[in-house]
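Colleague: Just to be clear, the model below is a prediction. Sequence and coordinates:
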Amino acid sequence: MQVRKEIQVAGIVQGVGFRPYVHRLATDRNLGGTISNTSAGVTIEIQGPPDLVEDFVSRLPEEAPALAQITNVLVREMPCKPDRCFEILPSHTGQHASALISPDVAVCEDCLRELFDPQDPRYLYPFINCTNCGPRFTIVRDVPYDRLRTSMSAFPMCDECRAEYDDPQNRRFHAQPNACWECGPQLELWNAQGRALKAPDPIEAAVERLRLGEILAVKGLGGFHFAIDAVNPAAVERLRQRKRRVEKPFAVMVRDLEAASRFCEIDSDARRLLSSRQRPIVLLPKAKDTAIAETVAPNQRDLGLFLPYAPLHHLLFAAGEFTALVMTSGNLSEEPIAIDNREAVERLGGIADFFLVHDREILLRCDDSVVRLSAGRLRQIRRSRGYVPAPLRLHKELPQILAVGGELKNTICLTRRNLAFLSQHIGDLENIESFDFFCDAVRHLSRILEIEPEVIAHDLHPDYLSTKWALTQKGVRLVGVQHHHAHIAACMAENRIDGRVIGLALDGTGYGTDGQIWGGEALIAGYASFERAAHFAYVPLPGGAAAIREPWRMAVSHLARAFGEDFLGLDIPFLQKLERGKAEFILRMMAQRVSSPLTSSCGRLFDAVAALIGIRQEVSYEAQAAIELEMSARSSSETAGYPLAIRRQEGHWQIDPSPLFGAIVEDLGRRVCTETISRRFHNGLVETLARVACLLRQESSLNQICLSGGTFNNLLVFEHLSRKLESDGFEVFTHSEVPAGDGGLSLGQALVAAHSAPTETQMSHTRKACDAT
Ligand SMILES: [Zn+2]
Ligand SMILES: [Zn+2]
Ligand SMILES: [Zn+2]
């Protein structure tokens, strides 16, 4: 007896070797039928004896190729047909709305073996790839995904490549970037002026100059990197000076896991993550006494390590016998990473000594992803290459929405049915280059994901470039979303929660509904609305952005609030070192309310404490003071915590840190060490937040709590608070796949917008708020 079934498979199943896989699965069992790419993914018809068909259906998702991501399988009976063998049918073009594009993937083991096999036709070919690996997202111009619509269209395949491409049994069947020495992209070595150097082997030549300590700009998958030898302090120093990057840590690419274990403490989870096909930068605790130059990540407990992912990286390591190379984004300070050869020479020529370029175009830049582990669980810090544009599955279907994110660490988010597509890291929208990238990303992603948004969600901050852009868009419904509401909604969305939760949203800056700068917020929130149930007491942010760059200003602000102006008479090292005139200037500024907006920021509280106890007075990158304060606290095993007051005021709870400053000043007087003070601060904060959570549970009867916002990148706060809340019986939710910081905002904005009622007042209200500036 024969049966025939139709199986519709949705998800990332095109361009990942799915059809040859299904072909093998069917022919191994002597089953007949067909497979074709369709709008939703692929459609399979399979025919044969019932037990074999059953076996085929059950194995289909289990043994799928590594890159396939199946989101749905639909099986239905159908009448038998006369076909005996299994056939791959030509693709249906035209309708393809649900097919998904794979992220870029690290070179696979099979290709690596061929890369270093002298007998292989692709021996040492820097662009080797197959259906299981290689570039995808960054070379796609349009959909459906095939060679003509990628930047590989400039390279017609040679006969050998074409034969592999057409053979369903071959590992390169329909591998769109398939190429070889004969027909594919090639490398060139350029000098700093962009003139090609005569080098028979550009890699050998590049390696020689890297060994001399020169700075190489190398074009990778998602953009350029600056590469230098990580064990050469002089090279690190030169890169820091030229890139004008004083202290912000550099990421280090290591030759292999063995090398990684020499530089950092790595366990089995870290090994797995480092060697995953996404090949993210993983933040790992530094090992003691390593050969890596200290200036690579000064004053850091962690070092960002990653393994080679493009064949070109493997070739550099092999030719140069390096163990570790600094590989940092090819950009000037906070501008986007360069992707085009000529653009790179123009923008990076003053930094790089030479350029290793190739002629395969990168169509959309994509930075390296940055992740870390907390108790064995992934935490995304910068979700980009390797993860994007794989979608996140939502708890229900949404209309087509574009959410434009915040200002710092901007990402955008597009939704279609029950899927949310978070963009790669776009960066800080503070310069025209980043804003151009933002516009490119909106255009490009809407096109390749075929989403025409009916709704655009944006932050409430009227001065954000993303907000301003949203407000110029016509024919769509606009929804302004409060920053911390978006954080909590992102956490709910990632965990597929519906209903209402207690949300702790802690970060540096977010525009509040009262026009003040929020940042230490406890909300009772659902997607549709929220109530601000508790927050840190307001203090002035003297000088606005200057107070973010100079944490000592926040110390003055908090001391003035805790002690009144008398604080200037306190006998503490902070005041002995601070010029009296500077302190008085800040006090005047605050008293006259000049450039001193009010803030409930948790991030600025960390800044104030870090400055007060002498850890850092000025920062050269975001969150530097808080990171160093955490590091200091980690070297103490102190269990006591400082007190913070919680009081009822105007219908909600206010968390007042003043008592904490009193206690710190006392400890400073007793010469308690910095590490102990840092730890007591962390402990006190965690205890207070847990108490607030319990108060809100009593009031609301809610037991689910979401933790979101950049402060939760501080693992000491995050891990201790989660444990404390769990032991208090809370159901604790947090982030894993989506950044807790502002990189996750756009997801939350999309969810809030999806649940907002389309009222005219809301539209005009947001417009007015933004027109006002
Ligand atoms: Zn491969
Ligand atoms: Zn070829
Ligand atoms: Zn935020």
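Modeller: In hand now; what should we look at? Residues are numbered from 1 along each chain as shown. Ligands and ions are numbered 1, 2, ... in the order given.

Colleague: Who does Val73 form a beta bridge with?
Modeller: When bridges are called by DSSP bridges, Val73 pairs up with Val9.

Colleague: do the one 4 residues further on as well
Modeller: Using DSSP bridges, the bridge partners assigned to Glu77 are Lys5.

Colleague: since we're on it, how many residues are nearby?
Modeller: Counted with other C-beta atoms under 10 Å, the neighbours of Glu77 add up to 9. C-beta: built from backbone N, CA, C; applies to glycine.

Colleague: same question, Leu212
Modeller: Other residues close to Leu212 by other C-beta under 10 Å number 10.

Colleague: do Asn299 as well
Modeller: 14.

Colleague: Where does the stretch 651-773 of the chain get nearest to ligand 1, which residue?
Modeller: Glu737 (25.1 Å; C-beta to the ion).

Colleague: Tell me the residues on this protein that lie near ligand 1, please.
Modeller: Cys108, Cys111, Cys130, Asn132, Cys133 (C-beta under 5 Å from the ion).

Colleague: Any buried residues in stretch 120-130, and which?
Modeller: In terms of neighbour count (16 or more other C-beta atoms under 10 Å), stretch 120-130 has its buried residues at Arg122, Leu124, Tyr125, Pro126, Phe127, Ile128, Asn129, Cys130.

Colleague: Chain neighbours aside, what residue packs nearest to the third one?
Modeller: The spatial neighbour of Tyr125 that comes closest, neighbours along the chain excluded (C-beta to C-beta, 6 or more residues apart in numbering), is Trp181 at 5.3 Å.

Colleague: so who does that neighbour touch?
Modeller: Pro121, Arg122, Tyr125 (C-beta atoms under 8 Å, 6 or more residues apart in numbering).

Colleague: wait, the last one sits on Leu115?
Modeller: So that's Tyr125. Yes - with contact defined as C-beta atoms under 8 Å, Tyr125 counts as touching Leu115 (6.9 Å).

Colleague: Overlap in contacts, the two.
Modeller: Residues touching both Tyr125 and Leu115 (C-beta under 8 Å, 6+ apart) are Pro311.

Colleague: Just give the closest residue to the residue in the chain that ligand 3 sits nearest to, not the sequence neighbours.
Modeller: Proximity to ligand 3, evaluated over the chain using C-beta to the ion, is greatest for Asp507 at 3.6 Å. Leaving aside its sequence neighbours, Asp507 sits nearest to Gly709 (C-beta to C-beta, 6+ apart; 3.7 Å).

Colleague: Surely the one you found is in contact with Ala740?
Modeller: Yes - using C-beta under 8 Å, Gly709 is in contact with Ala740, at 6.3 Å.

Colleague: so what sits against both of the two?
Modeller: Joint contacts of Gly709 and Ala740 (C-beta under 8 Å, 6+ apart) are His487.

Colleague: Which pLDDT value goes with Cys770?
Modeller: On the pLDDT scale, Cys770 is placed at 39.

Colleague: same question, the one 3 residues further on
Modeller: Looking at Thr773, its pLDDT reads 33.

Colleague: where are the low-confidence patches of the stretch 501-650 of the chain?
Modeller: For the stretch 501-650 of the chain, not a single residue meets the criterion pLDDT under 70.

Colleague: Closest approach to ligand 1 from it, which residue is it?
Modeller: Counting by C-beta to the ion, the stretch 501-650 of the chain gets nearest ligand 1 through Tyr621, at 36.7 Å.

Colleague: Compute the number of surrounding residues for the nearest residue to that residue once chain neighbours are set aside.
Modeller: Counting by C-beta to C-beta, 6+ apart, Tyr621 lies nearest to Lys248, which is 4.0 Å off, once chain neighbours are set aside. For Lys248, the neighbour count with other C-beta under 10 Å is 18.

Colleague: next one: phi and psi at Lys248?
Modeller: Main-chain dihedrals, Lys248, degrees, to the nearest 10: phi -60, psi 130.

Colleague: residues contacting it?
Modeller: Contacts of Lys248 (C-beta under 8 Å, 6+ apart): Ser620, Tyr621, Gln624.

Colleague: mind putting the residues you listed in a markdown table, distance to Gly744, secondary structure and neighbour count included?
Modeller: Below are the contacts of Lys248 laid out as a markdown table (distance: C-beta to C-beta, whole Å; DSSP: H, G, I helix; E, B strand; the rest coil; neighbours: other C-beta atoms under 10 Å):
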| residue | distance to Gly744 | secondary structure | neighbour count |
| --- | --- | --- | --- |
| Ser620 | 25 | coil | 12 |
| Tyr621 | 20 | coil | 13 |
| Gln624 | 21 | helix | 23 |
